[in-house]
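**Student:** just coords:
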């Protein structure tokens, strides 16, 4: 709000940073007070591919800084969120904690979801569209039967620390209107985690659908590369890459994962 008051009604989150603004100093000060560290991201003009954080420059927008804060804060509260879900669902065969979504992936997803720009709730609060990313902290719960899934749904909805009815969201992927391509289905619950004032995501699905997800993930990963990384479609923010170079990066990363898996099994 300091920036809004300082710059005036014409302020938007897409404006480039002016380090002379008092609001910029306020944001940096908050990061220091909260002991937040920003992750390297492959964004042209932002950071290097050496993995060393160069820092926020005046070539970045305020939205990008906001996204950095969201991602860095998500890392600090993830253990607490996962512990909360573990207390509700202690069975390790049911609970599958997902890693905190990387800053790079957050930035790619933010760029590929133009519908967030028109979200009335974000616009009324003067928040950038990246505030609509609800799955930076995530966990998946997998069940054998629909009865078990519905029981978990009721438990989450009634929990006083997971506020779904007061500011959260439920997205029923079993409905035809929300169904994902490829046959996978789940129920996404986005509660406001009370202890951290952070919106997180809990996915509820069945084992049969998880098998579909595992089998189709390599194709989904390739689709994501082609749809989000390439300059041909004017969506990706990873850099000016062609379809050919995007596929090469995908194959290179896939090979690295295979080597890492081999190293783990030999330990």
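**Tutor:** Nice, I can see it. Just so it is clear, the model here is predicted, and its values are computed rather than measured. Numbers count the residues shown, from 1 in each chain.

**Student:** and the helix of greatest length in the chain, what other elements does it pack with?
**Tutor:** In the chain, taking DSSP state H as the definition, the longest helix is helix 62-88. Packing partners of helix 62-88 (3 or more Cβ pairs under 8 Å, 6 or more residues apart in numbering; DSSP states H and E): helix 22-33, strand 95-97, helix 103-111, strand 138-143, strand 192-193, strand 198-199. Quick note: C-beta positions are derived from backbone N, CA and C, even for glycine.

**Student:** excluding chain neighbours, what is closest to residue 11?
**Tutor:** Excluding its sequence neighbours, the residue lying closest to residue 11 (Cβ to Cβ, 6 or more residues apart in numbering) is residue 4, at 5.1 Å.

**Student:** and the strands in the protein?
**Tutor:** Assigned by DSSP state E, the strands in the chain fall at 95-97, 138-143, 162-163, 169-172, 187-190, 192-193, 198-199, 201-206.

**Student:** and those strands, which one's lowest on average pLDDT?
**Tutor:** Mean pLDDT is lowest for strand 169-172 among the strands of the chain, at a mean of 88.

**Student:** I'd like the distance between the closest residue to residue 196 other than its chain neighbours and residue 14.
**Tutor:** Ranked by Cβ to Cβ, 6+ apart and with sequence neighbours excluded, the top spatial neighbour of residue 196 is residue 77, at 3.9 Å. Computed as Cβ to Cβ, to the nearest Å, the residue 77 to residue 14 distance reads 27 Å.

**Student:** the more surrounded of the two?
**Tutor:** residue 77 (18 against 12; other Cβ atoms under 10 Å).

**Student:** and the pLDDT at the more buried one?
**Tutor:** On pLDDT, residue 77 comes in at 94.

**Student:** equivalent analysis for residue 135, please.
**Tutor:** Confidence score, pLDDT, at residue 135: 91.

**Student:** re the thing from before, which one of the strands of the chain lies nearest to residue 63?
**Tutor:** Closest of the strands of the chain to residue 63 is strand 198-199, at 17.3 Å (criterion: Cβ to Cβ).

**Student:** quick one: list the elements packing against that closest one.
**Tutor:** Under the contact criterion of 3+ Cβ pairs under 8 Å, 6+ apart, strand 198-199 touches helix 62-88, strand 192-193.

**Student:** format the ones you listed as JSON lines; extra columns: distance to residue 156.
**Tutor:** Converted to JSON lines, the helices and strands packed on strand 198-199 look like this (distance: least, Cβ to Cβ, whole Å):
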{"stretch": "helix 62-88", "distance to residue 156": "7"}
{"stretch": "strand 192-193", "distance to residue 156": "11"}
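
**Student:** out of these, the one nearest residue 144 is which?
**Tutor:** Of the helices and strands packed on strand 198-199, nearest to residue 144 by Cβ to Cβ is helix 62-88, at 17.6 Å.

**Student:** which residues touch residue 146?
**Tutor:** residue 206 (Cβ atoms under 8 Å, 6 or more residues apart in numbering).

**Student:** hang on, I meant residue 66
**Tutor:** Taking Cβ under 8 Å, 6+ apart, one finds 13, 127-128, 130-131 in contact with residue 66.

**Student:** point out where the chain drops to low pLDDT.
**Tutor:** Along the chain, the parts satisfying pLDDT under 70 run over 1, 38-56, 112-126, 176-183, 210-247, 249-250, 253-267.

**Student:** can you do 50?
**Tutor:** Low-confidence segments of the chain, defined by pLDDT under 50: 42-53, 117, 233-239, 260-267.

**Student:** my guess is residue 6 contacts residue 24. True?
**Tutor:** No. Using Cβ atoms under 8 Å, residue 6 is not in contact with residue 24, being 9.6 Å away.

**Student:** much appreciated, bye for now.
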